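# no sequence on hand, only this structure:
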Ligand code: ADP
């Protein structure tokens, strides 16, 4: 940008602007000038277009747009939503106070998608996090290590993961920004893949920042330790480079640069420097402690958002999800969780349920206690209702971004420690919680008292408004305020003096921000103004004046005001520093309150909706009696039909029978110690298959969080991984065909499910031709039901994973007989009201019963959906004729037993292969479809045939069939 002497870009302010811009080339720079934040050049052009600001020119040729300083938050929100990174450059002092020349400025913060901390920019129920990634090998399938930081609360986690689960881990943790090492700013293909899957743009960082030595230095310097051993981290930890890179990035974006800090110190405003003290030491997470749920399953089961709402940030996304059952209930209180930290913790528990029996039972014990003792529950509820978002406020205090309301809110919340302790003292199920609050109490209560003693009950929104500190708290502040008040009294006294002295009844004293204090006379009386009144401004109906005496008082008031504000700022900063020094106990208190809040929410939900405590066991059992879908049960109320399930270990359990169940011989025939591990669920569309299998997954998952569940009783064995294959997930697999997505997801399940997993499959094989689909579905069921295919680490003779397989392929139900004790058939009952074939009515009973179904009722469903009667009736004719051809196909489905290439079949259980050529599997189907007679028949045009031609055609067909 060459500039000659007259170039408007050569002014000192613009030169200063360009210096900052050069340091933050990837950000739009908001440059504070007086009461506005201004943007220039390309920034101005792009931003004005993106968020609808008026584009002007600072001087000819320099595009500019701006926003009033007090609307910064609103505009930041819009900019962030549009994907901009924003650097905010502040004036470090008022222009009037600045030493001559330029106002000193500094970039006080850089807002990036992963580092947001302002309440208005964050969702309260979900975390916004930043992650850094390193790969621990060169190949595309080498494992990765991640460092994840939630800047708003300071949580810092390290995780190692398989290359397949990187995107899952990042999605689950709310990662909005990913740092990666890049020599030339371009992501390597494997990073690109992750970014693409998550829809993130990614933030390239210099490769040296990911060096182990650099990381060690960054971490030990930041946490002021000589070794990381105290954090349980070795110097060879694979995630160390990611952790180091993240620290460097945070220091760069969240705190003042050294250069800016120097400017600030010179200007005497060093206290604006933000700290990252709230950042907790990095903690390794052991994936073995949690049930693994991949991102596909989280979405498909609508754990935290409904599928319809996944892409939008609308509030509607929560409603209808499992999380929504607790936070947006239709009956009773909308949310049973009372604090924002509690809401985020619940989300975390639902996305990462526990796999540790003792830990689950400890939570259940607490929930049971809170159900039994409703007085205690009510008391705790009242206290928790008054606790604010401690975790995020503490983060803002540390980063120097807290408001007066934040500080007072924090103090009021911390002040609840004593009340909580009093309530839970001596309650055995809450001992751990009590101990943790007690540990934090001694540090946090004095801070709360100090803040509450200093600050007023209703604090102002901004420090600059004044009025945060109580009268009588600080002598210097009181003195300044007295002067201001005295000045007020003096002004009214002065007004009466002028009125009497000059006999001007219309004379008034006034004030506005632009012209300060003034004396105003109506136009009619202005002729009589005495000479000591100096004219200041002429309005339509009035004249404004000033006097030397008035000017003198104005100065006195203004300086008292600014002294008062300085004093308030000083006290506020001091209180914030006290809180910053106690960030660890504050975090402990916040985490504990969040946990208590969720446990209380579980108890409230269970008590209101009649949920019961599942018995958790370590064997792969799954027995649920009268289970209900948590979301539908809530919305349908009493109309939801409860259902049972039994799979896997132990079997003192029987399905109910009624008029629609099949004969007792179809009931489960498992050995007493083991029921089949795989259930095939058949039934018409809309009958409730999908609801049933989802419900089972949701109940298992809820049980692992320590929550009670909507069922009469249940025994659930610990699950290591939950797999689902339900519907196409377009967002995560853009660019792939639905069938491809289905196969990728199924492959993942077949390759990774263990005897402890839970697998939910809905309509596998639908995306391809009937025969292909049926064959695949058949083989998949065999694979999952047979231990021979499980990973080698599985114990010998172990059953397959507990699996629910909803399908419209009735042929699969043969597998119950072929794999006895391993596969069981269930179907959804339908009641058929006679009314003649064409008019038969069906009623969906939504009742799951043992045995297979022999009808799909597709035509009935089509009629219910409004397909024209003529089409339905033609469909019936076609069905009848097809039934003639395929009759017997299901019973004589000539499929071989599982291939013996991978392992020896269990000859006792699997019937011997029939004497059929293996190349000719399913001959009936293939011959039927491909037979030349069929092709010829298709060509025949009946309407145009003469009787003779018809006879000829028949003869040719006959010939073809005998060839
Ligand atoms: P399918 O998978 O068999 O096509 P769905 O599970 O999608 O059927 O169920 C269709 C509808 O039936 C659901 O939207 C729900 O409203 C209703 N439904 C399913 N199960 C039940 C049940 N147990 N009780 C009451 N209504 C149910």
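Perfect, thanks for sending it. This one's a predicted model, so the numbers in the text were calculated from it and none came from an experiment.
# give me the residue from the stretch 501-650 of the chain nearest the ligand.
Of the stretch 501-650 of the chain, the residue with the smallest distance to the ligand, taken as C-beta to the nearest ligand atom, is residue 641 at 3.7 Å. Quick note: C-beta positions are derived from backbone N, CA and C, even for glycine.
# now the stretch 701-850 of the chain
Distances from the stretch 701-850 of the chain to the ligand, computed as C-beta to the nearest ligand atom, single out residue 846 as the nearest residue at 3.3 Å.
# pLDDT at that residue, what is it?
In this prediction, residue 846 carries a pLDDT score of 88.
# and the strand or helix carrying it, what does it pack onto?
Counting by DSSP states H and E, the element that carries residue 846 is strand 841-850. Here strand 841-850 is seen to pack against strand 643-648, strand 823-833 when contacts are counted using 3 or more C-beta pairs under 8 Å, 6 or more residues apart in numbering; DSSP states H and E.
# okay if I get those strands as JSON lines plus mean neighbour count?
As requested, these are arranged in JSON lines below (neighbours: other C-beta atoms under 10 Å):
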{"stretch": "strand 643-648", "mean neighbour count": "25"}
{"stretch": "strand 823-833", "mean neighbour count": "21"}
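# just to be sure, residue 87 is in a strand?
Yes. With DSSP: H, G, I helix; E, B strand; the rest coil as the criterion, residue 87 is located in a strand.
# count the residues that sit near it.
The number of residues packed around residue 87, counting by other C-beta atoms under 10 Å, is 22.
# list, one by one, the residues from this structure near the ligand.
Selection of the chain residues close to the ligand by C-beta under 6 Å from any ligand atom yields 636, 639-641, 643, 683, 685-691, 846.
# quick check: what element follows the lowest-mean-pLDDT helix or strand in the chain along the chain?
Taking mean pLDDT, DSSP states H and E as the measure, the helices and strands of the chain show their lowest mean at helix 923-930, namely a mean of 46. Under the assignment DSSP H and E, the closest C-terminal helix or strand after helix 923-930 is helix 932-939.
# skipping adjacent residues, who's closest to residue 530 in space?
In this structure, residue 530 finds its nearest non-sequential neighbour in residue 502, 5.3 Å apart by C-beta to C-beta, 6 or more residues apart in numbering.
# show me where the stretch 1-150 of the chain has its strands.
Assigned by DSSP state E, counting those that start in this stretch, the stretch 1-150 of the chain shows strands spanning 28-33, 36-40, 56-57, 63-68, 86-91, 105-111, 129-135, 144-150.
# any chance of these in JSON lines, with mean pLDDT too?
Rendered in JSON lines, the data for the strands of the stretch 1-150 of the chain read as follows (pLDDT from 0 to 100):
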{"stretch": "strand 28-33", "mean pLDDT": "94"}
{"stretch": "strand 36-40", "mean pLDDT": "94"}
{"stretch": "strand 56-57", "mean pLDDT": "86"}
{"stretch": "strand 63-68", "mean pLDDT": "92"}
{"stretch": "strand 86-91", "mean pLDDT": "92"}
{"stretch": "strand 105-111", "mean pLDDT": "88"}
{"stretch": "strand 129-135", "mean pLDDT": "95"}
{"stretch": "strand 144-150", "mean pLDDT": "95"}
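# distance to residue 677 added to those strands, as a markdown table?
Converted to a markdown table, those look like this (distance: least, C-beta to C-beta, whole Å):
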| stretch | distance to residue 677 |
| --- | --- |
| strand 28-33 | 57 |
| strand 36-40 | 62 |
| strand 56-57 | 71 |
| strand 63-68 | 62 |
| strand 86-91 | 54 |
| strand 105-111 | 51 |
| strand 129-135 | 36 |
| strand 144-150 | 33 |
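# can you tell which of these is closest to residue 204?
With C-beta to C-beta, the closest approach to residue 204 among the strands of the stretch 1-150 of the chain belongs to strand 129-135: 11.3 Å.
# backbone phi and psi for the most centrally placed residue in the chain, please?
Centroid-nearest residue in the chain: residue 126, 4.6 Å away (criterion: C-alpha atoms, centre = their mean). Geometry field for residue 126 lists phi and psi as phi -130, psi 150, criterion degrees, to the nearest 10.
# run a quick neighbour tally on the spatially closest residue to it that is not a sequence neighbour.
Across the structure, with C-beta to C-beta, 6+ apart as the measure, the residue nearest residue 126 apart from its sequence neighbours is residue 174 (5.3 Å). Neighbourhood size, residue 174 [other C-beta under 10 Å]: 21.
# what is the longest helix that the chain contains packed up against?
Within the chain, and with DSSP state H defining each element, the longest helix by residue count is helix 548-581. Using 3+ C-beta pairs under 8 Å, 6+ apart, the elements in contact with helix 548-581 are helix 390-398, helix 404-414, helix 431-454, helix 475-502, strand 516-522.
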